[in-house]
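Asks: structural data only, the sequence is not supplied:
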């Protein structure tokens, strides 16, 4: 079967129109704040819209069918197309004149990684900063739509299991279900973003800072408008607690938010993944807070201001903030956690492999996969004792098929192999061991801050050019659930059947 190239380019055109439209919003922000780059941003948006229009007009007579191979190409290359055109605002305004750096920043934005090469964020024009935060927001919403609508159809990484939980018309009518679900989740996503913007403004942020941090939080991205990230507001705990609350929501399955608004609280409380997600955060926060309180000097590791409500509150707030920032892969920084004790440095490194919930905007392996792996691991002990017994993994009181369990096992093995290969490539670029493993885990998990030379108070400006391209690749495969991108490198994928 030959590939339906017309429908592929039609979708690329659609993505470019979407991209160009958001660039025009950044142009408006630039005009309002008179930052001197309005014309350049308008040109970037116009060129992107023009490319999108030509792509759609040239392929409007496409066959209205998409098979799995075309789905993989649209998803994987769609992110690349968005990232390539997303560099235009940086390049045309000279905010980031290097193409390598601009592509890294853009890929970091769309994949909601939040790793940055900017040494002085606060001198960047406001229109460009808004575009930078917008790339997060677009990528975050794209991931929710992917998780709900597209990846389950492609059979990627056990996401079929999650798709069964998505709201919408039942049965086999996939298209009404997809559009219906996507619209509802889009409304929740927009609503949360607006709510956080208002609350942050009330707590003392400027409107510009508030909307940018809301765009970054709900997408679990991590780009800030300040050099010190959220540590800039360490003397304002209210701001940090608001961001903590919305990081928690962003790392939760967005379908559960839908149930919450429907008043179906029982569905949330009984959800296996949510229960484990909540327990992880609670236990890890208590452990980190106690270690910080008794062993670490938070005032030294806090980038800006010392503690304001007492040592106990400060230890708890910084612990909760950084635990959530790493688990949900948001990557905001309230303090330099690498100064807290060697144990906590290793502890936070381990959390980079956890990830938030399936159907959230967070990266990483995802809590659902860890849960299935843990349950299957315990069942293996039982199977060793009772080899003839039929023992099924259960998730939300339903038995999970063996195919999905094998899919998740395959995903986890591939994820760890990607991490090891990722670190090896960074080490070949003469990056030290701690920095190399931190870079690999952070890029693959879309976390942002890493370890060593690329820790929470540093950026990625000193990463070699090849390292930036490699990190961008790791961000992409990590964001798109590995299989979606890596399958394109197999010879059988391109054979006409």
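Replies: Alright, I've got the coordinates. Just so it is clear, the structure is predicted and the values come from calculations on it, not from any experiment.
Asks: got any ranges where the stretch 351-497 of the chain has weak pLDDT?
Replies: 496-497 (pLDDT under 70).
Asks: now do the strands in it.
Replies: Under the criterion DSSP state E, counting those that start in this stretch, the stretch 351-497 of the chain contains strands at 394-395, 398-399.
Asks: hmm, who's touching stretch 415-429?
Replies: By CB atoms under 8 Å, 6 or more residues apart in numbering, the residues outside stretch 415-429 that reach it are 353, 365, 433, 435-437, 439-441, 443-444, 464, 466-467, 470, 474, 477-478, 482. The C-beta positions use only the backbone N, C-alpha and C, and glycine is treated the same way.
Asks: repeat that for stretch 86-106.
Replies: Against stretch 86-106 from outside (CB under 8 Å, 6+ apart): 19, 23, 26, 37, 40-41, 43-44, 47-48, 83-84, 109-110, 115-118, 124-125, 127-128, 131-132, 135, 460-461, 465, 468-469, 471-472.
Asks: what about burial for these, which qualify?
Replies: Taking 16 or more other CB atoms under 10 Å as the criterion, what is buried in the contacts of stretch 86-106 is 19, 23, 26, 37, 40-41, 43-44, 47-48, 83-84, 109-110, 115-118, 124-125, 127-128, 131-132, 135, 460, 468, 471-472.
Asks: give me the subset of those lying in strands.
Replies: Judged by DSSP state E, the buried ones among the contacts of stretch 86-106 include no members of strands.
Asks: of those, which belong to helices?
Replies: 19, 23, 26, 40-41, 43-44, 47-48, 83-84, 109-110, 127-128, 131-132, 135, 468, 471-472 (DSSP state H).
Asks: list the contacts of the residue lying closest to residue 474 once chain neighbours are set aside.
Replies: Spatial nearest neighbour of residue 474, chain neighbours left out: residue 443 (3.8 Å); criterion: CB to CB, 6 or more residues apart in numbering. By CB under 8 Å, 6+ apart, the contact set of residue 443 is 113, 115, 422, 450, 471, 474-475, 478.
Asks: name the residues that touch stretch 340-348?
Replies: Residues contacting stretch 340-348 (CB under 8 Å, 6+ apart): 284, 287-288, 291-292, 295-296, 301, 322, 326, 337-338, 451.
Asks: deepest of the strands of the stretch 351-497 of the chain, which one?
Replies: Counting by mean count of other CB atoms under 10 Å, strand 394-395 has the highest mean neighbour count of the strands of the stretch 351-497 of the chain, with a mean of 17.
Asks: that one - contacts with which helices or strands?
Replies: Counting contacts by 3 or more CB pairs under 8 Å, 6 or more residues apart in numbering; DSSP states H and E, strand 394-395 is packed against helix 367-385.
Asks: that older thread, the strands of the stretch 351-497 of the chain into a markdown table, with extra columns for distance to residue 78?
Replies: Shown next, in a markdown table, are the strands of the stretch 351-497 of the chain (distance: least, CB to CB, whole Å):
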| stretch | distance to residue 78 |
| --- | --- |
| strand 394-395 | 30 |
| strand 398-399 | 32 |
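Asks: go through those and name the closest to residue 180.
Replies: Nearest to residue 180, of all the strands of the stretch 351-497 of the chain, is strand 398-399, at 22.3 Å by CB to CB.
Asks: neighbouring strands - and their directions - for that closest one?
Replies: strand 394-395 (antiparallel) (DSSP bridges).
Asks: and for the partner strand, what's in contact with it?
Replies: So strand 394-395 is contacted by 161, 272, 368, 371-372, 375, 400 (CB under 8 Å, 6+ apart).
Asks: most surrounded residue in these?
Replies: Neighbour counts for the contacts of strand 394-395, by other CB atoms under 10 Å, peak at residue 368, which reaches 28 neighbours.
Asks: run a quick neighbour tally on residue 183.
Replies: Counted with other CB under 10 Å, residue 183 comes out at 11.
Asks: SS state for it?
Replies: Using DSSP: H, G, I helix; E, B strand; the rest coil as the criterion, the local structure at residue 183 reads helix.
Asks: and the gap between it and residue 141?
Replies: Residue 183 sits 12 Å away from residue 141, taking CB to CB, to the nearest Å as the criterion.
Asks: so, low pLDDT: which residues of the protein?
Replies: Using pLDDT under 70, the flagged stretches of the chain are 1, 62, 64, 146-179, 296-310, 496-497.
Asks: tell me how far the residue of the chain most remote from its centre lies from residue 224.
Replies: Within the chain, the residue lying farthest from the chain centre (CA atoms, centre = their mean) is residue 388, at 42.3 Å. Separation of residue 388 from residue 224 (CB to CB): 57 Å.
Asks: what's the local residue count around the nearest residue to residue 114 once chain neighbours are set aside?
Replies: Of all residues not flanking residue 114 in the chain, residue 222 sits nearest, at 2.6 Å (CB to CB, 6+ apart). Using other CB under 10 Å, residue 222 has 30 neighbouring residues.
Asks: residue 222 contacts residue 331, correct?
Replies: Yes. Assessed by CB atoms under 8 Å, residue 222 is found in contact with residue 331 at 3.2 Å.
Asks: list residues touching both of those two?
Replies: Joint contacts of residue 222 and residue 331 (CB under 8 Å, 6+ apart) are 113-114, 325, 448-449.
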